[in-house]
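Chemist: Predicted model and sequence follow; I will ask about them next.
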Amino acid sequence: MIKERLEYKQLILRLEEAEQLAAQFSGGYSNNFISTEEFHTALSEKLIQLKEGETAELNKLWLWFAPTCDWDTLIREDGLVLGETIFALLSELKKECNI
């Protein structure tokens, strides 16, 4: 089961960090969000769904954290390393789940 995988547990921890960091920002816009506040709300919702085991959410999160996408656009340098870590974990889990 995916919830037992080390990568999954690491991903949850990193997404919790990302959620806390995103809460500190306001304004901005990206391809999928009209503000950082909207991104934060969506990230919070996806995190809850992912914690419930909804692996289909990996795809959406993968797009948000892909290099030069929503996360990088909205959080910029403050979240660069965290975003890269999350993207790598998401990429690995997507492969394992065939998503």
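Modeler: On my side now, so go ahead.

Chemist: Poorly predicted segments of this protein, please.
Modeler: Scanning the chain with the threshold set as pLDDT under 70 gives 1-3, 99.

Chemist: Which helix or strand contains the residue positioned nearest the centre of the chain?
Modeler: For the chain, the residue lying nearest the average C-alpha position, counting by C-alpha atoms, centre = their mean, turns out to be residue 61 (4.6 Å). Residue 61 belongs to helix 57-65 when elements are defined using DSSP states H and E.

Chemist: got the contact list for the following helix or strand past that helix?
Modeler: Once the chain leaves helix 57-65, the next helix or strand it forms, by DSSP H and E, is helix 70-75. Applying C-beta atoms under 8 Å, 6 or more residues apart in numbering, the external contacts of helix 70-75 come out as 18, 21-22, 25, 28-33, 36, 39, 63-65, 79-80, 83, 86. For glycine as for every other residue, the C-beta is placed from the backbone atoms N, C-alpha and C.

Chemist: cutoff 7 Å now
Modeler: The list of residues contacting helix 70-75 from outside it, by C-beta atoms under 7 Å, 6 or more residues apart in numbering, reads 21-22, 25, 28, 30-33, 36, 39, 64-65, 79, 83.

Chemist: All good on my end, thank you.
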